[in-house]
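Student: Provided below for reference: sequence and predicted model.
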Amino acid sequence: MSGFSLSFLRYVLVGSLCVSAGQAVQAQVAVTDGTLPVTAPGEPPIFDDELAEMIRRLIPQCSKKLMMFTQCYGGNFLDQFEGDPNTATTSADEPGDESIYGGYHDDAARGLKSGPGRTAKDAHDAGTAGKAASESPQSGGGLGLTDFPLDPVGTNGVCSRHILVYAGIPEPMDDADRDAIKANFPDDGVTQTVHTVGGNGAADGYDKPASHKGMEDAMKEIGDLIRNAENPCCEQFILFVTDHGDIHAITVPPLGGGGNWPLVPGVNPWGGPIAGLSSAIVEPTAWLADPSNQTSFSLFMPIGDVGMTTPAEPHNFLPPGSLVMQLQSPVQSTTVQAQKWTYLDVNHDGVVGNWPGEGVNAIFPIPEPTMIGAFFDVFYNVQIQNNTALTLPVSKFRQDSGEIARLGDGTAVCRADFNHDGFLDFTDFDAFVTAFESGDASADFNGDGFLDFTDFDAFVTAFELGC
């Protein structure tokens, strides 16, 4: 596809904020975390710290571990395992970068195979040799890649090997990675096993569905196999993550000495500006290229901390209009209601709030062009209006990228190529305008179910960014 772009101005305001004389301003800096998307409806993604905690809890500490994060933003997972003496890690890219279909991931999957003298470095080197030009493969952990042997089971101190392949929202090339790894490691059920978690489970050719429970159940099965072995310390665990990824800027609200921030009835202003996602960390083009992506802001409410519980299945935790968020940046003011709720049920008993760490996410969807145009590279202020009689706990505020698919061969989507001729030019602009004026549903560019000028703005933004 030929590239095409228009020159345009963008506000870049990081580090600058005008305040009145004598006004004290302390910007709240967000921590940027990676997550694993899930297919299960009504669930939040699996955050990198959750994944690390799950591994430490379920897989014996002395077992050697290899983590290969080939999904978008896989580099954001590496810090969770830095310094772990029994864990080696690799990723397709640096923190904050997207990976590419047909790049590192498929060569790494095929290079992940056993053989005399082979190590994890051979798999990483295979991925690096096949990487896309924009990818920057990384490695880390406290265990060197050459210290993780891939010799056949029963040789060079490898007593058994257990692999877990995860694909949250799998595409055909992710399925191919799964199948390559299964072919490379024949499963005998005892000394060498391959477990797959992805999509809708068996319906998509995976052992378990992509959900918190699916991941935890698979990891528990592997942990039990290792613990029941004669020598757990010579057993291996390998996690290979493929497909989509997403990223979140997480800010802890002004808690005033610890604990949760009480979201009281009425208007709740925050005390200082929040640092928005930076385009140096998240490339906006990836958002606009994925038609299924939904950018948003969200609040995590650990409701059990105030004695509340709710069912874990998808439902509206509060009625529409209960929570209203106003976002003010130097570029734009936006008001949006909580329109979606997801539920973290840690112990998988169907009830949220009766176990430590459980809670509800209130999600405030924001169109991609608004997110990119008004809340990138700026400090912004937040106030939340609680239109209920409840005082709700808030432990985290997030600016969410949504689930971003890899770009690349066979799956790259240039949404601004509206006439699908493989070129981005003014014939695409004309085609969009024609569809928009005629009320054609294909012109609902931001996918919100309405045809209005926000769709026109979204298309213009995508057109200007180019392909």
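Tutor: That came through, no problem. Numbering: from 1, shown residues only.

Student: Quick one: the helices in the stretch 151-300 of the chain, in order.
Tutor: Counting by DSSP state H, counting those that start in this stretch, the stretch 151-300 of the chain has helices at residues 172-184, 212-227, 284-289.

Student: deepest of those helices, which one?
Tutor: Of all the helices of the stretch 151-300 of the chain, helix 284-289 has the most neighbours on average by mean count of other C-beta atoms under 10 Å, namely a mean of 21. The C-beta positions use only the backbone N, C-alpha and C, and glycine is treated the same way.

Student: looking just at contacts, which helices and strands does that helix meet?
Tutor: Packing contacts for helix 284-289, counted by 3 or more C-beta pairs under 8 Å, 6 or more residues apart in numbering; DSSP states H and E, involve helix 368-375, helix 453-465.

Student: Alpha carbons only: can I get it in PDB?
Tutor: The C-alpha coordinates for helix 284-289 follow below in PDB (Å, rounded to 0.1, in the frame of the first residue of the first chain):
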ATOM      1  CA  PRO A 284      -1.900   6.600  17.400                       C
ATOM      2  CA  THR A 285      -1.800   5.000  13.900                       C
ATOM      3  CA  ALA A 286      -2.300   1.600  15.500                       C
ATOM      4  CA  TRP A 287      -5.500   2.700  17.100                       C
ATOM      5  CA  LEU A 288      -7.000   4.100  13.900                       C
ATOM      6  CA  ALA A 289      -5.900   1.000  11.900                       C
END
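
Student: still on that earlier bit, the helices and strands packed on helix 284-289: lowest mean pLDDT?
Tutor: Among the helices and strands packed on helix 284-289, helix 453-465 has the lowest mean pLDDT, at a mean of 79.

Student: Against which helices or strands is that one packed?
Tutor: helix 284-289, helix 368-375, helix 426-438.

Student: what is the rounded mean pLDDT of the longest one?
Tutor: In this case it means helix 426-438. 89.

Student: what angle do that helix and helix 453-465 make?
Tutor: Here helix 426-438 points in a direction 180 degrees away from that of helix 453-465 (axes from the mean of the first three to the mean of the last three C-alpha atoms, to 10 degrees).

Student: Residues touching helix 426-438, excluding its own?
Tutor: 416-419, 421, 440, 442-443, 445, 451, 455-456, 459, 463 (C-beta atoms under 8 Å, 6 or more residues apart in numbering).

Student: for stretch 104-115, same thing?
Tutor: 68, 70-71, 90, 92-93, 99, 122-132, 135, 137, 150-153, 161, 173, 176-177, 180-181, 184-185, 238, 240, 242, 406.

Student: Same question for that stretch: list its buried residues.
Tutor: 104, 105, 106, 107, 108, 109, 110, 111, 112, 113, 114 (16 or more other C-beta atoms under 10 Å).

Student: Now do the same for the fourth one: its pLDDT.
Tutor: In this model, residue 107 is scored at 93, pLDDT.

Student: for stretch 134-151, which positions count as buried?
Tutor: Those would be 135, 137, 138, 139, 140, 141, 143, 145, 148, 149, 150, 151, for stretch 134-151 by 16+ other C-beta under 10 Å.

Student: The third one is in contact with residue 97, isn't it?
Tutor: No - contact between residue 138 and residue 97 fails when scored by C-beta atoms under 8 Å: they sit 9.5 Å apart.

Student: list residues touching both of the two?
Tutor: Counting by C-beta under 8 Å, 6+ apart, the shared contacts of residue 138 and residue 97 are residue 75.

Student: circling back to that earlier point, among the buried residues of stretch 134-151, which ones are in strands?
Tutor: Among these, DSSP state E puts 138, 139, 140, 141 in strands.

Student: ok, the third one touching residue 76?
Tutor: Pointing back at residue 140 there. No - in this structure residue 140 lies outside contact range of residue 76 using C-beta under 8 Å: 11.6 Å.

Student: Present the helices of the stretch 151-300 of the chain as CSV; the columns should include mean pLDDT.
Tutor: Output for the helices of the stretch 151-300 of the chain, formatted as CSV (pLDDT from 0 to 100):
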stretch, mean pLDDT
helix 172-184, 93
helix 212-227, 96
helix 284-289, 72
